[in-house]
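Peer 1: Sequence plus predicted model, see below.
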Amino acid sequence: MMRGNARAALAVLCCAASALADSAAAEVLFREGKKLLAAGDVAGACAKLAESNRLESSSGTLLNLADCHQKQGKTASAWGEFLSASRVAKSQGQAQRSEEAKKRAAALEPKLSFLVVKVAERVPNLKLERDDELIEGASLGTKLPVDPGRHVLAASAPGFKPWTKTFEVKANGDVQEITVPKLEVDASAAPAPTAAPTSSATAAAPTAAPTSDATPPPPPRRKSPTLGYVIGGAGVVLTGVGAFVGLSAMSKYKSADEACPSHKGCAPSVGDDYDSAKSQANVANVAVGLGVVGVAVGAYLVVSSRRSEAAVVVAPSVGPGVAGASVGGRF
C-alpha cells in the first residue's frame, strides 16, 4: 500500500512538472507568434500560435490565432476560433473580449465556404476522412464550413477498394457537394480469420499440484530510502518553480494594472498580460501545493525505510488549485 501510494505521488509530481513545462513553452510560443505576425510572417506566426494553443489554450491565444488564420484566408478555422475565444473569455469574466471575438466571428460568417459530403450506399465499417481527419456519420449531408483551397476526400472499408477524390473549394461563399460512390469489392482481399473451435482435450492444461518441499519465501528486504529522496527532491524543485512563477505573475499583473487600472477598454496587449498573469498564478498555486506534498511524502518514506517496525501509509490528494496528503500508520 505504501509503495503504491508513493508511486502515485511520484506520478502526480511528474505530471505537474510536465504541465509546468507545457505552460512555459506555450507562453514562449505565444510571444514568438505575435512577433512573427507583426513582422508579416503569417505562416510562421500561425504555426507558433497553434502549437501554443495546443499546449495551453486561452482566449488571448485563440484570438491571435483566429486573426492569423483569417489573414491566411482560412475562414472556417478563423471563424471557429473566434467563437471559441468568445466562449472562453465569457467563462473567465472577460465580457469585452468575449463580445469582440463574437463580432469578429459574425463579420466573417458571410464569407464562409462549405462542403457537403454524402454517401451513395454505405458498406460495413465505412471510414471517411477529409485531409486525414475523420468524418463522423452525423456530419453526412450537413453543410459544414471548410477552409478554401485544395482538399482530399477518402473512403475505405475492410474488403473493399479504397476511394479518393481531390477537390477545390473557392473563397467567399462557395458550396461543394460530393457524393461518395458505392465502394467496389476487393476480390484480392483475404477473408477475416475465424477462430477454431477448442476441443475438450486441449481446453486447459492441468495445474501442477504444490509440492510439500517448496522453498520458503526469502525474508523481506529492508526498504530503500531512494524513492523518498527522489519524491522529496522533486517536491523541493516544484516548490521553487512555483515560487518563481508566482513572483513573475505578480510582476506581470502589476504592470498590466498600472497600464489599465479600470480593467475596461484595455489595449489587446494589456489583456494578454492579464491572461498570462492569471495563468501563471494558477500554475504557481498548483506547483507550490504539489511541492509541499512531495516534500512531506519523501520525508515520511525516508523515515519509514530507516525503521523496520514502521508502517506508513501516505495518500496524496490533489484537486484544482489544491494539493495535500494524508499520512497514517504505526511508528
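Peer 2: Yes, it's here.

Peer 1: What ranges does the stretch 101-250 of the chain have for its strands?
Peer 2: Listed in chain order, the strands of the stretch 101-250 of the chain (DSSP state E, counting those that start in this stretch) span 113-119, 127-130, 133-134, 144-146, 149-156, 163-169, 175-180.

Peer 1: what's the distance between residue 167 and residue 176?
Peer 2: Residue 167 sits 6 Å away from residue 176, going by CB to CB, to the nearest Å. Where C-beta positions appear, they are placed from N, C-alpha and C, glycine not excepted.

Peer 1: between those two, who's got more neighbours?
Peer 2: A side-by-side neighbour count of residue 167 and residue 176, using other CB atoms under 10 Å, places residue 176 first with 17 against 12.

Peer 1: Now for the more buried one: which residues touch it?
Peer 2: 113, 114, 115, 116, 146, 167, 169 (CB atoms under 8 Å, 6 or more residues apart in numbering).

Peer 1: shouldn't the last one be in contact with residue 147?
Peer 2: Yes. Under the criterion of CB atoms under 8 Å, residue 169 is in contact with residue 147, at a separation of 7.3 Å.

Peer 1: So if I had to pick from those two, which one is more boxed in?
Peer 2: Per other CB under 10 Å, whichever of residue 169 and residue 147 has more neighbours is residue 147, with 20 against 17.

Peer 1: Next, the more buried one: phi, psi?
Peer 2: Main-chain torsions, residue 147, degrees, to the nearest 10: phi -70, psi 140.

Peer 1: Find the residue closest to it in space, skipping its chain neighbours.
Peer 2: Leaving aside its chain neighbours, residue 147 sits nearest to residue 74 (4.3 Å; criterion: CB to CB, 6 or more residues apart in numbering).

Peer 1: follow-up on the earlier one: export the contacts of residue 176 to TSV and tack on pLDDT and distance to residue 299?
Peer 2: As requested, those are exported to TSV (pLDDT from 0 to 100; distance: CB to CB, whole Å):
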residue	pLDDT	distance to residue 299
113	98	61
114	98	61
115	98	60
116	98	63
146	98	57
167	97	64
169	98	62
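
Peer 1: List just the nearest of those to residue 32.
Peer 2: residue 146 (28.7 Å; CB to CB).

Peer 1: List the contacts of that closest one.
Peer 2: 76, 113, 114, 115, 130, 169, 176.

Peer 1: what's the average pLDDT for stretch 37-54?
Peer 2: Mean per-residue pLDDT for stretch 37-54: 97.

Peer 1: Now that stretch: buried residues?
Peer 2: For stretch 37-54, a neighbour-count test (16 or more other CB atoms under 10 Å) marks 37, 42, 44, 45, 46, 47, 48, 49, 50, 51, 52, 53 as buried.

Peer 1: Wait, the third one touches residue 38, no?
Peer 2: No. Residue 44 sits out of contact with residue 38 when judged by CB under 8 Å, with a separation of 11.5 Å.

Peer 1: tell me which element the residue nearest to residue 97 when sequence neighbours are not counted is part of?
Peer 2: Excluding the flanking residues, the one nearest residue 97 by CB to CB, 6+ apart is residue 89, at 4.1 Å. Here residue 89 is covered by helix 75-91, with elements defined by DSSP states H and E.

Peer 1: Now do that helix: which elements does it pack against?
Peer 2: With contacts taken as 3 or more CB pairs under 8 Å, 6 or more residues apart in numbering; DSSP states H and E, helix 75-91 sits against helix 59-72, helix 95-108, strand 144-146.

Peer 1: So which of these is nearest residue 159?
Peer 2: strand 144-146 (28.9 Å).

Peer 1: partners of the closest one, with directions?
Peer 2: Sheet pairing for strand 144-146, assigned by DSSP bridges, gives strand 113-119 (antiparallel).

Peer 1: what about the partner strand, distance to the chain center?
Peer 2: Taking CA atoms, centre = their mean, to the nearest Å, the mean C-alpha location of strand 113-119 is offset from the chain mean by 29 Å.

Peer 1: can you list contacts of that strand?
Peer 2: Strand 113-119 is contacted by residues 75-76, 126, 128, 130, 135, 139-148, 151, 153, 155, 169-180 when judged by CB under 8 Å, 6+ apart.

Peer 1: circling back: how about the strands of the stretch 101-250 of the chain in a markdown table, adding distance to residue 84?
Peer 2: Output for these, formatted as a markdown table (distance: least, CB to CB, whole Å):
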| stretch | distance to residue 84 |
| --- | --- |
| strand 113-119 | 19 |
| strand 127-130 | 20 |
| strand 133-134 | 17 |
| strand 144-146 | 13 |
| strand 149-156 | 21 |
| strand 163-169 | 22 |
| strand 175-180 | 24 |
